[in-house]
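Novice: Any chance you could fold what I've pasted below:
(2 chains)
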Amino acid sequence: MRRRLCTCVAIAAIVGAGVSTAATRPPKLQYEIATLPNGLTVVLSEDHSTPIVHVELWYHVGSKNERPGLTGFAHLFEHLMFNGSKNVRSDEHTSMIASNGGQSNAYTTEDTTVFWETVPAHYLPVVLWMEADRMASLQIDEKALASEREVVKEERRMRVDNQPFGRLSEIIYDQAYSVHPYKHPTIGSMADLEAASVEDVRSFYETYYVPSNATIVLVGDFESGAAMDLVTQYLGRVPGVERPVPRDIPQEPPWERERRVALEESWPLPAVVVVHKIPFDGHPDSYPLHFASKILSDGQSSRIYRRLVYEEQLALAAFGQGAIVEDPSLFFAVALVQPGRMPANAERALRDELERLKTELVSPRELERVKNQFARDYILGRTSNQQKAMHLAHAAVIHDDITTADGEFDIFMNITAEDVQRVAQTYFTNDNRLILTIMPRNATSGGAP
Amino acid sequence: MRLCLYYVVGFTCALSAGVYAQAGVQQAQSITGAELKGLAPVSDEILKVELPKAEEADLDNGLHLMVLEDRRVPIVSVQVILIGAGGYYDPPDHAGLAGFTASLLREGTATRSSVEIAEALETLASRVNVSTDMSLQAATMRLSSLVEYLDQTIALAADVLLRPSFPEEELALFKTREQAGLIEQRTRPRFLAVERLAKVIYGDHPAGRTSPTPETLDRTTRDDLIAFHREHYVPDHAVIAIAGDISMADAFPAVERHFGAWASSGTRPPTVDDPEPIGPSRLYLINREASVQTNLVVGTQAINRTSDDYDILSVMNQIVGGGPSSRLFLNLREDKGYTYGAYSSFTAQRYRGDWDASTEVRTEVTGDALAELLRELVRIHDEPVPEQEFQDAKRSIVASFALSLESPNALLNNFVVRHLYDLPDDYWDRYPERIMSVTREQVQEVAAKYLDAGRLHIVAVGDGEQISGMLTSFGAVDVYDDQGTLIETVGGDQ
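Specialist: Residues are numbered from 1 along each chain as shown, chains lettered A, B, ... in the order given. Purely as a prediction, here's the structure:
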């Protein structure tokens, strides 16, 4: 779940006193895009500054495509993609790349599953060959499934179950949603992981791991014509399928009244969370909402940090953040409450800060700060080949419009204080709100005085 | 093996994550030389890279300046490495003072308040922070800025570094913020493991400390901070390393303008000592009730950064636990399914550092996983490494080095290391050649020398009730609670 707004920003006119106008504009991404006869989308972007190439293959399937009872399946399947195909032995994918000094990995979000490799440029053919092999001919067997299931269960224990606050994210999503599959975590539940069968694996592969549901992005030291020939030579041979990829995902109904939920967890400190439902990535309101999260949380002078952590010392950590992803998602403000402080006070402070965005226009200086921070993030976030590939793939897959990889820059440049106020008034309403209070189980000292 | 104490960052990441990236997921059943079944279009060409060079210059006050020009993006990043201001030089009775000083530099100067500093930097979209660690000789200021705001950012950074005021009220606020974190970190299994391991490997050496205590934080005064800053923040041995959209011709005058008046102290370079040689192996159990996994760490003392064994140990470590094609990963994860990951690493500084291997396994297999882990450490010195595996490991190191050159900061860090440890000028040019010339015999010798079973210390953090019986089959176990207090010794001859 890369809960980031995969976009860009720049600087608008600077209004504040004593600061010169940031004139820096990041270089535009140069790319070519094409679709092969089998339906595979191909994006190529040359960068000759280092003799390496980054390959990123996105399948447009994530945990939101999972059915009830099979949570965690997309991610479990991602692991199985390393267990061998017709011409590549189990686990050889990784060893081949590692022994040639490359790096490779994969990750699964609620919307996508991504496989990537960074290699010395002259290894591009073998990378494409191996990706084609597992797209066309994955080996699926009970032994590999059993083994990877254990690995994923340990991954869940390590990341979630054995960490203080490890379940916070899944609690928020579980409480917030009723029917949309964002309700369940990408890692899934232990019971569902246990239940996954070889038939489930095969069906998932045949449904989602098809060329028309995939986008491959190459960034690095190659010549585009030659690279396109290689992609066509290897991945162009993977047979296409006629049937469309299912997109029948149940949508969440609007929230009609405020809900309050109190829970207990084995955590050292209480947590309070204020949640609002917000629209999808690419919706016009998603851009000012992203600014709202920066106003609240980016840096020591951001509003939530300064008030809850620095001035009033209500919280050990606090922030507000929009999870802007493919389907409508959540904006949540979180505080981990300082020992001896009242969770109710932290909650009130979080609500006050969201309310302030509705009642007061953001000052010109604050807006300028946010735009400068965006420019920095935009530039820093497009430094490596991998980062550039991610932005291109995100635009092509999630927005279905590669031009947004650069085009959102101007949308952000033109955001006004009124835009931020308008989206705050639209979404930060009482009825569109969930308030969670999570107290330490058997608390003796962590809670209210 | 150092742990990030900034739990807030970890927390934020955890929440926004859910990216179940396979952190080193990948696998390889065997890298022992079998042919591909198909005809993979592999190139045998060895990647050759010419290293760009950093330019270097010295200021009159002793500051050493290094600049790596890279025009790809309009950003400049700067590190000011303050040798002598690190946690290594905490007063013996005041562990953590260097870290407190570094953290509070940004909280006020002679002319700016904490809030003014934060607002000024964030309006420029620049980042400035200063940090250290209790095992480090240096405190390091890191800043980054859009190139057009670089001069203003360096001016702010210099103000913070040279003229901090350490306001009383900021110190009080800092203490409140930090206290809860010092308590909260004790609920994290990784922290508990690292804390115990550091103590057993380094003993009373400064690197044996991992975190300040609430008590040392509480009794820190403004005068302590002022005195530490005055004594330790000196230019004589400091390095300023700059990478990005700037040349030496532009960087030198900017640095001179803002740091040129920083008065030299005339002090000699601060010294370090090696830790006492490590004692015989022992097991330590930190009882963390209701843990659903056991964090296992096996560690020992290894080498200094300037050791002749550095390259050989790098190769050995790559084979044992350097990545997803290494033995620990293949055995504990791919073959046994005990864990999500198993890795090894080492630290090497001016003093003798540590080597350690770690993994997190489900409670029930704690004993089996430890046995397998230890078996791999015996195998690396008992058996010659198969030729293909050996060549793959070396090629992997060399090519990874080439890949890292994509990042100007990574490249510059190499030059900083060369400078800090007085390594030869052509150290990095010859690095691939040196790695490729390591022999299998050398790897076995180094493994025998450093992974001596009699000197390996084993730390387990988990549910004591369930795992102490599994651990006692390996020897006597010292059992601690999660506050670091020794409760009892069980099993073995004690």
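Novice: for B:Asn295, helix, strand, or coil?
Specialist: Following DSSP: H, G, I helix; E, B strand; the rest coil, B:Asn295 is assigned to strand.
Novice: Pretty sure A:Ala375 sits in a helix.
Specialist: Yes - under three-state DSSP, A:Ala375 falls within a helix.
Novice: tell me the mean pLDDT for the host helix or strand of B:Arg418?
Specialist: Using DSSP states H and E, B:Arg418 falls within helix B:408-420. Helix B:408-420 carries an average pLDDT of 93.
Novice: which helices and strands sit right next to whichever helix or strand comes after it?
Specialist: Using DSSP H and E, the helix or strand that follows helix B:408-420 in sequence is helix B:431-436. On a contact count with 3 or more C-beta pairs under 8 Å, 6 or more residues apart in numbering or on different chains; DSSP states H and E, helix B:431-436 meets helix B:310-321, helix B:387-404. In this view, the C-beta of every residue, glycine as well, is placed from N, C-alpha and C.
Novice: Check those helices for me and report the most buried one.
Specialist: helix B:310-321 (a mean of 24; mean count of other C-beta atoms under 10 Å in any protein chain shown).
Novice: which other residues reach stretch A:60-77?
Specialist: Residues outside stretch A:60-77 that contact it (C-beta atoms under 8 Å, 6 or more residues apart in numbering or on different chains) are A:108-113, A:148-149, A:152, A:156, A:180-182, A:184-189, A:192-193, A:195-196, A:200-201, A:204-205, A:208-209, A:213-215, A:245-246, A:249, A:326-327, A:397, B:20.
Novice: repeat that with 6 Å
Specialist: A:108-113, A:152, A:181-182, A:184, A:186-189, A:192-193, A:196, A:204, A:208, A:213, A:249, A:397, B:20 (C-beta atoms under 6 Å, 6 or more residues apart in numbering or on different chains).
Novice: Just the terminal-to-terminal distance for that stretch.
Specialist: In stretch A:60-77, first residue to last residue: 13 Å (C-alpha to C-alpha, to the nearest Å).
Novice: Looking at it now, give me its mean pLDDT.
Specialist: Across stretch A:60-77, pLDDT averages out at 93.
Novice: wouldn't B:Gly337 be in contact with A:Arg149 here?
Specialist: No - the criterion here is C-beta atoms under 6 Å, and B:Gly337 misses it with A:Arg149 at 8.1 Å.
Novice: Now restrict the contacts of stretch A:60-77 to buried residues only.
Specialist: When the contacts of stretch A:60-77 are checked for burial by 16 or more other C-beta atoms under 10 Å in any protein chain shown, the buried set is A:108-113, A:152, A:181-182, A:184, A:186-189, A:192-193, A:196, A:204, A:208, A:213, A:397, B:20.
Novice: Where strands are concerned, which of those count?
Specialist: Residues of the buried ones among the contacts of stretch A:60-77 located in strands (DSSP state E): A:Thr108, A:Thr113.
Novice: The buried ones among the contacts of stretch A:60-77 in helices, which ones?
Specialist: A:Val152, A:Asp192, A:Leu193, A:Phe204, A:Tyr208, A:Val397 (DSSP state H).
Novice: Spit out the contact partners of the last one.
Specialist: Contact analysis of A:Val397 by C-beta under 6 Å, 6+ apart lists A:Trp58, A:His60, A:Thr215.
Novice: Mind giving me the ChimeraX select for these, buried ones only?
Specialist: To isolate the buried members of the contacts of A:Val397 in ChimeraX, using 16+ other C-beta under 10 Å:
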select /A:58,60,215
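Novice: For the contacts of A:Val397, give me a markdown table that also has secondary structure.
Specialist: Shown next, in a markdown table, are the contacts of A:Val397 (three-state DSSP):
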| residue | secondary structure |
| --- | --- |
| A:Trp58 | strand |
| A:His60 | coil |
| A:Thr215 | strand |
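Novice: how close does B:Gly208 sit to chain A?
Specialist: Distance, B:Gly208 to chain A, by C-beta to the nearest C-beta, to the nearest Å: 25 Å.
Novice: Ok, B:Arg188 next?
Specialist: 6 Å.
Novice: still on that earlier bit, using a markdown table, please lay out the contacts of A:Val397 together with distance to B:Gly464.
Specialist: Compiled in a markdown table, the contacts of A:Val397 are given as follows (distance: C-beta to C-beta, whole Å):
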| residue | distance to B:Gly464 |
| --- | --- |
| A:Trp58 | 45 |
| A:His60 | 47 |
| A:Thr215 | 50 |
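Novice: tell me which of the contacts of A:Val397 is nearest to chain B?
Specialist: A:Trp58 (13.5 Å; C-beta to the nearest C-beta).
Novice: so who does that closest one touch?
Specialist: Going by C-beta under 6 Å, 6+ apart, A:Trp58 touches A:Thr112, A:Val114, A:Thr215, A:Ala393, A:Val397.
Novice: so what's it bridging to?
Specialist: A:Val114, A:Thr215 (DSSP bridges).
Novice: Can you give me the pLDDT of A:Pro268?
Specialist: pLDDT at A:Pro268 comes out at 90.
Novice: correct me, but it touches B:Gln185?
Specialist: No - using C-beta under 6 Å, A:Pro268 is not in contact with B:Gln185; the gap is 9.5 Å.
Novice: So what's the residue count around the residue of chain A found nearest chain B?
Specialist: Residue nearest to chain B within chain A: A:Gly101 (1.6 Å; C-beta to the nearest C-beta). By other C-beta atoms under 10 Å in any protein chain shown, the residues close to A:Gly101 number 25.
Novice: which ones are touching it?
Specialist: By C-beta under 6 Å, 6+ apart, the neighbours of A:Gly101 are B:Ser396, B:Ala399, B:Ser400.
Novice: of all the residues you listed, which comes closest to chain A?
Specialist: Nearest member of the contacts of A:Gly101 to chain A, counting by C-beta to the nearest C-beta, is B:Ala399, at 1.6 Å.
Novice: what's the distance between A:Leu436 and A:Val275?
Specialist: Distance, A:Leu436 to A:Val275, using C-beta to C-beta, to the nearest Å: 7 Å.
Novice: again, but for B:Ala460
Specialist: With C-beta to C-beta as the criterion, B:Ala460 and A:Val275 are 39 Å apart.
Novice: quick one: buried residues of the helix or strand bottoming out on mean pLDDT in chain A?
Specialist: Lowest by mean pLDDT, DSSP states H and E among the helices and strands of chain A is helix A:92-99, with a mean of 87. In terms of neighbour count (16+ other C-beta under 10 Å), helix A:92-99 has its buried residues at A:Glu92, A:His93, A:Thr94, A:Ser95, A:Met96, A:Ile97, A:Ala98, A:Ser99.
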